[in-house]
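>>> Quick check, what structure comes out for this input:
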Amino acid sequence: MSQPVPATKSSAAAPKQPKRYGRLYVSGANCTRQGSRNHPGACRDWLAQRTPRRLATNPSSHSLAGIHPENFFADGGKPLQLLEQVRALYPLSMHGVGLSLGSTDPLSKTHLSRLKHLIDRFQPGLVSEHLSWGSAGDRYLNDLLPLPYTAEALDYMVERVLQVQDYLGRQILIENVSSYLEFSISDIPEWEFFAALARRAGCGLLLDINNVYVNACNHGFTAADFLAQVPAEFVQEIHLAGFSINPVEGGEILIDTHSRPVCEQVWQLYQHTIDAIGPRPTLIEWDQDLPELNVLLAEAQRAEHILERAHALAA
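Have a look, this model is predicted:
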């Protein structure tokens, strides 16, 4: 597992890469978010029935389990008991969704305190959040909203990421998000903003290739060009997911719903990315319309085969 990296304003050097992991399983983190939103208890039951018992049958030394830490902020109860069992089998990647880093609201001290407590207890290898905002005046939206890509917004995000890293006493990763509208005032390409944040704040990057593809289709840029501009030395984790297509005004828009298998175009982009930057821990996200575990594991195995091939070529 990678060691915590304290963050300071002088910590903008390229982060060390985490140890080699071939596959990440969803440990119920994403599905518990869906369960709490639409079907309370349904995903808790899905997790209890399929994880960790099923995953324990063939644990891999290269595997990592991904969770949303907000689902485990309670002081006790079944979710934490299940997480203890998963943590006994696999190192963790904690993927936050609630800090609202891009909001003008002050960072929530309560949220940070709970997050730090969970990190201290379970010692995850990776901790991440999003390049987004989702709150205003202490009112929270159930979405990860994009920022305008401007110099002012970049300065603000650098300071916010540094505050979080200083409080947690470790480096975090920042993930690019999907978007469906663009700000007219944006004057920095998204990929330049993403890379500059890592260089200036000393954070790592969580590269969501599905989000890159969704945004490329929605906003008219080339996904491969985006990926080519992301500095490999900062990428410490990769996410893959499926999307839905919605009709809109005679056209269509891609929505990052995490409710479908990874599409073939995203698999191709993933293969190209791994060939270019080398293996990275990879998580298959599936939040809605949860499939049988066999389906999710088949997606994870496809990613693992790509990673194993890259390891073999590098050996």
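
>>> Checking Leu290 next. Helix, strand or coil?
coil (DSSP: H, G, I helix; E, B strand; the rest coil).

>>> In space, what's closest to Pro231 - neighbours in sequence excluded?
Ala195 (5.3 Å; C-beta to C-beta, 6 or more residues apart in numbering). To be clear about C-beta, it is placed using only N, CA and C from the backbone, and glycine gets the same treatment.

>>> Looking at the one you found now. What's its pLDDT?
Looking at Ala195, its pLDDT reads 98.

>>> any idea which helix or strand carries it?
Secondary structure assignment for Ala195, by DSSP states H and E: helix 190-201.

>>> Tell me the first helix or strand C-terminal of that helix.
In N-to-C order, the element after helix 190-201 by DSSP H and E is strand 204-208.

>>> Partner strands of that following strand and their direction?
When pairs are called by DSSP bridges, strand 204-208 turns out to pair with strand 173-175 (parallel), strand 235-240 (parallel).

>>> among those strands, which is nearest Trp133?
Nearest of those to Trp133, taken as C-beta to C-beta: strand 173-175 at 12.8 Å.

>>> Averaged pLDDT, that closest one. What do you get?
98.

>>> low pLDDT regions in this structure?
1-62 (pLDDT under 70).

>>> how about the strands in it?
Counting by DSSP state E, the chain has strands at residues 23-26, 63-67, 92-95, 126-130, 133-136, 139-145, 173-175, 204-208, 235-240, 244-248, 251-255, 282-284.

>>> The longest one vs strand 126-130, what angle?
On the basis of axes from the mean of the first three to the mean of the last three C-alpha atoms, to 10 degrees, strand 139-145 is oriented at 100 degrees to strand 126-130.

>>> Adjacent strands (with direction) for strand 139-145?
strand 133-136 (antiparallel).

>>> Figure out how far the partner strand is from the centre of its chain.
Computed by C-alpha atoms, centre = their mean, to the nearest Å, the chain-centroid distance of strand 133-136 equals 18 Å.

>>> buried ones in that strand?
Within strand 133-136, the residues that count as buried by 16 or more other C-beta atoms under 10 Å are 133-135.

>>> Then stretch 295-308?
296-297, 299-300, 302-304, 306-307.

>>> quick one on the thing from earlier: taking strand 235-240 as reference, get the angle to the helix holding Ala195.
Angle of helix 190-201 versus strand 235-240, following the same axes, to 10 degrees, is 140 degrees.

>>> Tell me which of the strands of the chain approaches Lys78 most closely.
When the strands of the chain are compared by C-beta to C-beta, strand 63-67 sits nearest Lys78, at 14.2 Å.

>>> ok, the closest one: who's next to it in the sheet?
Strand 63-67 sits in its sheet next to strand 23-26 (parallel), strand 92-95 (parallel), going by DSSP bridges.

>>> okay, the last one in CSV with CA atoms only?
Extracted in CSV, the C-alpha atoms of strand 92-95 (Å, rounded to 0.1, in the frame of the first residue of the first chain):
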residue,chain,number,x,y,z
LEU,A,92,-8.8,0.1,0.4
SER,A,93,-9.3,3.0,-1.9
MET,A,94,-11.5,5.6,-0.2
HIS,A,95,-13.3,7.7,-2.9
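
>>> Need the residues that contact it.
24, 27, 29, 64-69, 86, 115, 118-119, 122-129, 175, 206, 237, 281, 283 (C-beta atoms under 8 Å, 6 or more residues apart in numbering).

>>> Relative to its centre, which residue of the protein is most distant?
Among residues of the chain, the one most distant from the C-alpha centroid is Gly250; the distance is 32.2 Å, by C-alpha atoms, centre = their mean.

>>> tell me how far stretch 185-192 is from the chain's mean position?
On C-alpha atoms, centre = their mean, the centre of stretch 185-192 falls 21 Å from the chain's centre.

>>> who's in contact with it?
So stretch 185-192 is contacted by 148-151, 154, 176, 196, 215, 225-226, 229-230 (C-beta under 8 Å, 6+ apart).

>>> CSV please, covering those and showing distance to Cys263 and neighbour count.
Compiled in CSV, the contacts of stretch 185-192 are given as follows (distance: C-beta to C-beta, whole Å; neighbours: other C-beta atoms under 10 Å):
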residue, distance to Cys263, neighbour count
Pro148, 29, 16
Tyr149, 26, 21
Thr150, 31, 15
Ala151, 34, 11
Leu154, 31, 20
Asn176, 18, 25
Ala196, 29, 17
Asn215, 14, 24
Asp225, 19, 12
Phe226, 16, 23
Gln229, 22, 13
Val230, 20, 21
